[in-house]
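Asks: with the input below, show me the fold.
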Amino acid sequence: MTNATAPDNIAPPAKTLVAKMTDALTAQIAGGHYRPGDRLPSEAQLTQEFGVSRTVVREAIAALRSGGLVEARHGIGVFVLEPAPSAPLPFHGVDLARVSSLIEMLELRTAVEGDAAALAALRRSPAQEEKIAEAFDAFCASAAEGRPSAEADFNFHLAIAQATNNPRFSEFLQVLGPALIPRRAVSQTEEEAALSAADLTRLVSEHEAILVAIQDGNEDQARMAMRQHLKNSQLRYRSMLRAAR
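Replies: Down below sits the predicted model:
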């Protein structure tokens, strides 16, 4: 006995009258035909306009009410509501032009990335360890040649997050985006303008300490090295904040 398969060209089921009317009224509201505070036509008027029964009208209005587009006021009618404000996306309210915002992000990263480095020391695969080392070498090369190193810096931290083998850590860093590497925001045209040669040397040394601890499988040392690196960055930006005042 063979299983019958449905042909690919079957048309989707037609929309019901309620769905059609709901879509039409939603489009009218979105297009400004009915603005917030406006009263919709009466049931009788909508019945005539759409050529449907009162039951269809009532169900369509109920759907609009469920979607937060309108509200019914007893004895008066149905009125269009102000659109609900959309929820802000996480970290998209960070003002990268403000040093105080950069410090806030560094504090958050210190809490998260310290444990990420510790987990990477315990869980990394040989391939992941190699990827962290390659990212470190790229960072060192950029710093030595005087090229912008923010991208290589990001890749180093991301490789560590991936080596935790917990995808939430790398997702966290990806959500932060440009806020992850503060000096991207400190200087728009020349990423490294805010860093002296001594700063770059210190950054290389701090990154190397993190790498070595992970390679040694030293959980506590990896956590401490990462936290120290990010706390040192906090201190540098706090100094900038004091200098600006």
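Asks: name the nearest residue to residue 34, ignoring sequence neighbours.
Replies: Nearest residue to residue 34, sequence neighbours excluded (CB to CB, 6 or more residues apart in numbering): residue 80, at 4.9 Å. In short, each C-beta sits where N, CA and C put it, glycine included.
Asks: who's in contact with that neighbour?
Replies: Going by CB atoms under 8 Å, 6 or more residues apart in numbering, residue 80 touches 29, 34-40, 69-70.
Asks: which of those are buried?
Replies: 29, 34, 40, 69-70 (16 or more other CB atoms under 10 Å).
Asks: hang on, the earlier thing: residues in a beta bridge with the residue nearest to residue 34, which ones?
Replies: As for beta bridges, residue 80 partners with residue 70 under DSSP bridges.
Asks: roughly how far apart are it and residue 46?
Replies: Applying CB to CB, to the nearest Å, the value for residue 80 to residue 46 is 14 Å.
Asks: pull out the buried positions in the host helix or strand of residue 239.
Replies: Secondary structure assigned from DSSP states H and E places residue 239 in helix 219-244. For helix 219-244, a neighbour-count test (16+ other CB under 10 Å) marks 219, 221-227, 229-230, 233-234, 236-237, 240 as buried.
Asks: still on that earlier bit, and the residue nearest to residue 34, how far from residue 60?
Replies: Using CB to CB, residue 80 is found at 14 Å from residue 60.
Asks: thought residue 103 was touching residue 237?
Replies: Yes: here residue 103 reaches residue 237: they are 5.2 Å apart, a contact under CB atoms under 8 Å.
Asks: for the protein, which segments count as strands?
Replies: For the chain, the strands defined by DSSP state E cover 70-73, 77-80.
Asks: got a markdown table for these, with distance to residue 99 and mean pLDDT too?
Replies: Rendered in a markdown table, the data for the strands of the chain read as follows (distance: least, CB to CB, whole Å; pLDDT from 0 to 100):
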| stretch | distance to residue 99 | mean pLDDT |
| --- | --- | --- |
| strand 70-73 | 45 | 93 |
| strand 77-80 | 44 | 95 |
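Asks: same list (the ones you listed) but as a markdown table, adding distance to residue 206.
Replies: Supplementary listing: the strands of the chain in a markdown table, determined by distance: least, CB to CB, whole Å:
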| stretch | distance to residue 206 |
| --- | --- |
| strand 70-73 | 57 |
| strand 77-80 | 57 |
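Asks: most tightly surrounded among those?
Replies: strand 77-80 (a mean of 18; mean count of other CB atoms under 10 Å).
Asks: centre of the chain to it, how far?
Replies: 36 Å (CA atoms, centre = their mean, to the nearest Å).
Asks: look at residue 141 and say how many residues are nearby.
Replies: Counted by other CB atoms under 10 Å, the residues lying close to residue 141 total 12.
Asks: whoops, residue 130 was the one
Replies: Residue 130 is flanked by 12 other residues according to other CB under 10 Å.
Asks: mind checking which helix or strand of the protein has the lowest mean pLDDT?
Replies: Lowest on mean pLDDT, DSSP states H and E among the helices and strands of the chain sits helix 183-186, with a mean of 49.
Asks: residue contacts, the closest residue to residue 131 other than its chain neighbours?
Replies: In space, and not counting its chain neighbours, residue 131 is closest to residue 159: 4.7 Å by CB to CB, 6+ apart. Counting by CB under 8 Å, 6+ apart, residue 159 touches 128, 131-132, 134-135.
Asks: any low-confidence regions in the protein?
Replies: Scanning the chain for pLDDT under 70 picks out 1-14, 86-97, 177-195, 240-245.
Asks: domain map for it?
Replies: Listed domain ranges for the chain are 17-80, 99-244 (source: automatic domain parsing).
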